[in-house]
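*Asks:* whatever this is, show me its structure:
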Amino acid sequence: MRPSRLACPLRRTTALLLCVTLSLAGLATAAGAARPLAQASTASTFAQAQESVAGSLPGVGHDATYRQAPCPKPNVPGFPQANLGPNFKCGYLTVPENRYKPHGRKIRIAVAIAEAATRHPHPDPILWLEGGPGVTGLAVAVGVVKAGINADRRIIFIDQRGTLHADPLLSCPEIDRFLRRSVGLAPTNPATGAQDVAAVRACRDRLAAQGYDLSAYNTAENAADVADLRVALHVKQWNVFGVSYGTDLALQLLRDYPTGIRSMVLDSVVPPQLSLIQEFWPAAQRGYQAVFDACAAQPACHTAYPNLRGEFTAAVNRLTRKPLTVAVRDPATAQRTKVVFDGYQLANLLLVLSLYPGSLADAPAMVHKLAAGDGMPAAIKLLGTVPRFVGLTGYGLAYGVFCSEDVPFTTLHKVEAVARQALPTFPARVLALVPQIPRLFSECTVWHVHRASPSVSQPVHSAVPVLLLTGTFDAITSPAWADLAAQGLTHSTVLRFPGAGHDPIAWQPKCGATVMVKFLDRPNGGYDTSCVDKLTVPAFKTGH
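*Replies:* As a prediction, this is how the structure comes out:
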């Protein structure tokens, strides 16, 4: 059974990253004054480092260098609050694009290092691996620092190969523009699928014509980049944090390059052995049920919506037969916009909302109103998930991962069969599409990269201390996946955050940051997790 590796989904955009960044910045206490970073070597080479990186990839540990450079400015276009201040030092790790071709093209991985708030930090920094695949890690750096996670350790942020500040950035404006149009299209309509695949083909053809080796943008090369970086920075030990796809990357790093990993925190977990594409619909079903059960457990919600699951299922079926068109003023642009809801659009929206902190509070009311024919609240919610920026997401890494490590190891027939078991009352036309990435199989046929080695799906076995965090409302990376990953981690703890969706540290930044910092101080046990026990599922809104 082939693994997949999404978690933070392919359609997760920089706008969402900034939502997470700003929620961390606004809800957490200040980290305190930071002192300048000690100067790193302007050119660190592996010939100079007195250690080697073990691994199976040819060329790992050779011909990789790190040089300091000014921090990117702007960090995220249009968001000056995300700019990196004087407490950051930046640089680039230069590595082969394809380690099987060590004398070929070189690429650069962007790095930003935030100093610890204390004057006497611990020597083991935190490496921060963002999700996607394909989103920027540097975009969240300011928010993470303001949340206090750098209280007594430096944090190393990277933009993984092919992402925003890496060189090259393998973006697809063609796809971003299609996604902005797609709110006015029914996903189950074949004509919509044709536009989607055409956008992917246009991007793939353009990038291939520029000479990029698209098969080299994958998790194996990504993990080797990270292993190279530790040696290049002369870091003896570090603590690895991963969120969403970043957890898959972190686990493969732990499996293939364990040297120097002191501890690990995994937020919204994707185990390498998981067939993620096959598990998308079952994960969605568990997320739906968690919301329905929580509503039933709250007297006000249960009274207002006594048959929420039935209304949801009926609406998915009815909208599949007859889509609903809603004319709405887009809150972001103030322009009148047409939004079309078919059954897939509704089913996918409810699971995608678990990506956005606090967004599920009015989900029962949204479902109830849409079931009654009022699509305005759902339309506004859907518009909030649409990319507002063009060309900032590294789709080259996203498709490189999905199309080499996931799709080749399953079939659409298998995905549909598993989906029917999880959601037997859903229409076949809905289950024939993949959550978040509806036409992934067709898109991967167009993207056309080599199938990965089956070794990427090997489970991880380790005695390194690992803390796994999951949200009970996460419909993207199911809480059960954290338990699956923990089976091979003999020194691990799984914490469930009640009422949190995907990325519980973003949903509960104060508690999440506190638990993480305390774990890093005492990874072998005895750290305080009591704030998690005090969390409760927030009350759902039942207004009319």
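
*Asks:* roughly how far does the closest residue to Leu353 other than its chain neighbours sit from Cys511?
*Replies:* Nearest non-adjacent residue to Leu353, counting by C-beta to C-beta, 6 or more residues apart in numbering: Ser359, 4.5 Å away. Every residue, glycine included, has its C-beta placed from N, CA and C. As for Ser359, its distance to Cys511 is 19 Å (criterion: C-beta to C-beta, to the nearest Å).

*Asks:* ok, now Val200?
*Replies:* 39 Å.

*Asks:* and the strands in the chain, which stretches?
*Replies:* With DSSP state E as the criterion, the chain has strands at 44-45, 65-69, 88-96, 106-114, 126-129, 155-159, 238-243, 261-267, 324-329, 336-341, 466-471, 492-497.

*Asks:* make a markdown table from these and add mean neighbour count, distance to Gly396 and mean pLDDT to it.
*Replies:* Converted to a markdown table, these look like this (neighbours: other C-beta atoms under 10 Å; distance: least, C-beta to C-beta, whole Å; pLDDT from 0 to 100):
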| stretch | mean neighbour count | distance to Gly396 | mean pLDDT |
| --- | --- | --- | --- |
| strand 44-45 | 18 | 27 | 37 |
| strand 65-69 | 19 | 22 | 96 |
| strand 88-96 | 22 | 16 | 97 |
| strand 106-114 | 23 | 11 | 98 |
| strand 126-129 | 26 | 18 | 98 |
| strand 155-159 | 25 | 13 | 98 |
| strand 238-243 | 26 | 20 | 98 |
| strand 261-267 | 26 | 24 | 98 |
| strand 324-329 | 16 | 33 | 94 |
| strand 336-341 | 18 | 29 | 95 |
| strand 466-471 | 26 | 29 | 98 |
| strand 492-497 | 19 | 33 | 98 |
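
*Asks:* figure out which of those is closest to Leu397.
*Replies:* For Leu397, the closest of the strands of the chain is strand 155-159, at 10.1 Å, according to C-beta to C-beta.

*Asks:* what's the closest one in contact with?
*Replies:* Residues outside strand 155-159 that contact it (C-beta atoms under 8 Å, 6 or more residues apart in numbering) are 93, 109-114, 125-130, 136-138, 140-141, 144-145, 149, 165-166, 225-226, 229, 233, 235, 238.

*Asks:* now that strand against strand 238-243, angle please.
*Replies:* 50 degrees (axes from the mean of the first three to the mean of the last three C-alpha atoms, to 10 degrees).

*Asks:* list the neighbouring strands of strand 155-159 plus their orientation.
*Replies:* Paired strands of strand 155-159, with direction, are strand 106-114 (antiparallel), strand 126-129 (parallel) (DSSP bridges).

*Asks:* would TSV of those strands with distance to Gly373 be doable?
*Replies:* Shown next, in TSV, are the strands paired with strand 155-159 (distance: least, C-beta to C-beta, whole Å):
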stretch	distance to Gly373
strand 106-114	48
strand 126-129	44
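
*Asks:* ok, residues contacting stretch 202-214?
*Replies:* So stretch 202-214 is in contact with 97-98, 101, 104-105, 168, 170, 172-175, 395-396, 399-400, 446-449, going by C-beta under 8 Å, 6+ apart.

*Asks:* now those: which count as buried?
*Replies:* 97-98, 168, 170, 172-175, 395-396, 399-400, 446-447, 449 (16 or more other C-beta atoms under 10 Å).

*Asks:* where in the protein is the helix or strand with the lowest mean pLDDT?
*Replies:* Least confident helix or strand, the chain: strand 44-45 with a mean of 37, by mean pLDDT, DSSP states H and E.
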